[in-house]
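Engineer: Provided below are the primary sequence and the corresponding predicted coordinates.
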Amino acid sequence: MGSTIALKRRISSVKNTRQITKAMELVSASKMRKAQENAKRSREYQELAYSLLARLSNIDEVKRHPLFEERKIKNKLYISITSNSGLAGAYNANSLKILAHSIIDDTSKNISSSVITIGKKGAQFVGRLKGVNLIAVYPAFGDNPTPNDIRPILNTIISEYREKKVDEIVIVFTEYVSNLVQTAQSLSLLPASTEEAKSRIDYKYDFTNFEPSTEEVIDSVAERLLEVQLWQSLLESLASEHSMRMMAMKNASDNAGDIIEDLTLEFNTARQAGITRELAEISGGVEALKD
Amino acid sequence: MIHLKLVTLSGVKFDDDVHEVILPTLDGRIGVLTNHMPLISSASNGIISIRHNPKDSDAAMEQFATHGGVIEVANNTIRVIVDEADNSDDINESEAKSALDLAIKMKSEAKDNVSLENAQRLIDRSSVRLQVAQLKRRHHTRI
């Protein structure tokens, strides 16, 4: 009868696991909704930043501004957004794959790469890569990031670019397309470009006053734009992380259900076999006594 | 009337027609009334004051503590994007005061440039918040 006891134990252990994955699924679902709402709230800010940029795009000074100036790329800086914890399906793997491919690409073009990571998983991965300069490591900002969290990163990348230590800044994040589709992708932050903004021009003014100076205003607008791009990428990644974790946990719960079904069948067979054997033994014993 | 829209990363904080808005710019505080000329300006840390009706006294103005950003005036619309905008009603004076004290303490204990910079930013932010809170109290006692 030993095997039925072992089977019983396995069934209850799988049941426990299923309870945990089920709970994690529900938690991720609610966190995902929260992250989506946060991302929605900053959309207005993004629209406004782009429309300001659109108004600036007609001015010649923009092209000469240090943050808009395109240089020959010798050093590239990547910002990688990953999670602190695993069990989120292919969330970290997908975005780190894009990062690794880009770095390999750069190396073949003699471009040296440096990386700022947000999230422990990215830091662990980049730490193992050879020839990559890991500038800064930030832990993931938790489920409720505030705009103040990204300010240090913003200041770092702006000063790195201004001091010409890097010639391009790329962010690798996971875009949240829908509940089922999340795609890891990279987006160039600096040099800033007015291309995207041009399509958004909603009105035109021939003269506008810039105070205190055009230079200063371009500075502020560029900074706002970077801020909102970084912020949106962070929130989209967060929503993707939770969504992918939810799916992973849902699959795990479903698998646990299948395993329980199989084990229960096996358990019942073993139990029935035991009963049949005992009956055969008893009736065998009775037959033996008759003679 | 002129339309004011106050936008932060965490959402739209104010969106309505008003009579006059006083905004903090790098060159000082400017008042914006109807038919103001098109302007784009950098905002500094400071207080945004909103006069809803022409006859409202200074005490009846709505105040927001803000921290850096961009101001755009065009077509009788003021659009302000700022890091943060806290309504004076949401700020507790004693909390703001202790936050400022804490920030000053952090600055004195800062060991490297990064923490020094962070502390300075905290000081700037909390001092504006404190100013707004004190402004509200002065106005309330006067009434």
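Structural biologist: Alright, I've got the coordinates.
Engineer: Pull up the residues of the stretch 101-250 of chain A that are close to chain B.
Structural biologist: Within reach of chain B by CB under 8 Å from any CB of the partner chain, the stretch 101-250 of chain A has these residues: A:146-147, A:151-152, A:155, A:203, A:205, A:207-212, A:216-217, A:219-221, A:224, A:227-228, A:231. Bear in mind the C-beta positions are built from the backbone N, C-alpha and C, glycine included.
Engineer: Select from those residues every entry located in strands.
Structural biologist: Among those, the ones falling in strands (DSSP state E) are A:209, A:210, A:211.
Engineer: Work out which residue lies at the spatial centre of chain A.
Structural biologist: With distances taken as CA atoms, centre = their mean, residue A:237 lies nearest the centre of chain A, 3.9 Å away.
Engineer: Show me where the chain has its helices.
Structural biologist: No chain was given, so I picked chain A. Counting by DSSP state H, the segments of chain A that form helices are A:2-41, A:43-56, A:61-64, A:91-108, A:120-128, A:147-162, A:195-198, A:214-290.
Engineer: actually it's chain B I care about, not the one you picked
Structural biologist: B:93-109, B:113-142.
Engineer: circling back: among the residues of the stretch 101-250 of chain A next to chain B, which ones are buried?
Structural biologist: Neighbour-count burial (16 or more other CB atoms under 10 Å in any protein chain shown) applied to those gives A:147, A:151, A:208, A:210-211, A:217, A:219-221, A:224, A:227-228, A:231.
Engineer: can you tell me which two in these are farthest apart?
Structural biologist: By the measure CB to CB, these have their two most distant members at A:151 and A:208, which lie 28.3 Å apart.
Engineer: circling back to that earlier point, dump the buried ones among the residues of the stretch 101-250 of chain A next to chain B to a markdown table, plus distance to residue A:83.
Structural biologist: Formatted as a markdown table, those follow (distance: CB to CB, whole Å):
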| residue | distance to residue A:83 |
| --- | --- |
| A:147 | 20 |
| A:151 | 21 |
| A:208 | 43 |
| A:210 | 42 |
| A:211 | 43 |
| A:217 | 37 |
| A:219 | 33 |
| A:220 | 32 |
| A:221 | 32 |
| A:224 | 27 |
| A:227 | 22 |
| A:228 | 22 |
| A:231 | 17 |
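Engineer: does the one helix or strand in chain B whose mean pLDDT sits lowest come close to chain A?
Structural biologist: Least confident helix or strand, chain B: helix B:113-142 with a mean of 79, by mean pLDDT, DSSP states H and E. Yes. Shown here: helix B:113-142 in contact with chain A (CB under 8 Å from any CB) through B:114, B:117, B:118, B:121.
Engineer: In that helix, which residues are buried?
Structural biologist: Those would be B:118-119, B:121-133, B:135-136, B:139, for helix B:113-142 by 16+ other CB under 10 Å.
Engineer: ok so, going back, quick one: the residue nearest to the centre of chain A and residue A:79 touch, right?
Structural biologist: No. When contacts are counted by CB atoms under 8 Å, residue A:237 is not listed as touching residue A:79 (10.8 Å).
Engineer: list residues touching both of the two?
Structural biologist: Overlap of the contact sets of residue A:237 and residue A:79 (by CB atoms under 8 Å, 6 or more residues apart in numbering or on different chains) is empty.
Engineer: could you dump the ones in strands among the residues of the stretch 101-250 of chain A next to chain B to JSON lines with pLDDT?
Structural biologist: Putting these into JSON lines (pLDDT from 0 to 100) gives the following:
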{"residue": "A:209", "pLDDT": "80"}
{"residue": "A:210", "pLDDT": "82"}
{"residue": "A:211", "pLDDT": "78"}
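Engineer: and which of those is nearest to residue A:280?
Structural biologist: Checking these one by one against residue A:280 (CB to CB), the nearest turns out to be residue A:210, at 98.1 Å.
Engineer: can you tell me which residues contact the closest residue to residue A:80 other than its chain neighbours?
Structural biologist: In space, and not counting its chain neighbours, residue A:80 is closest to residue A:122: 4.3 Å by CB to CB, 6 or more residues apart in numbering or on different chains. Residue A:122 is in contact with A:80, A:81, A:82, A:92, A:95, A:96, A:99, A:115, counting by CB under 8 Å, 6+ apart.
Engineer: partners of the first one in the sheet?
Structural biologist: So that's residue A:80. For residue A:80, the beta-bridge partners are residue A:117, residue A:172 (DSSP bridges).
Engineer: Tell me how chain B divides into domains.
Structural biologist: The domain map for chain B lists B:2-88, B:92-142, with the assignment taken from automatic domain parsing.
Engineer: Lowest mean pLDDT across those, which one is that?
Structural biologist: The stretch with the lowest mean pLDDT among the domains of chain B is domain B:92-142, at a mean of 82.
Engineer: so what's the nearest residue to residue A:75 once chain neighbours are set aside up against?
Structural biologist: Leaving aside its sequence neighbours, residue A:75 sits nearest to residue A:166 (CB to CB, 6+ apart; 4.6 Å). Listed by CB under 8 Å, 6+ apart, the contact partners of residue A:166 are A:75, A:76, A:77, A:114, A:160.
Engineer: for those, which one is nearest residue A:28?
Structural biologist: Distance to residue A:28, by CB to CB, is smallest for residue A:77 among these, at 31.1 Å.
Engineer: Could you report the separation of the residue nearest to residue A:80 from residue A:169?
Structural biologist: Residue A:122 sits 16 Å away from residue A:169, going by CB to CB, to the nearest Å.
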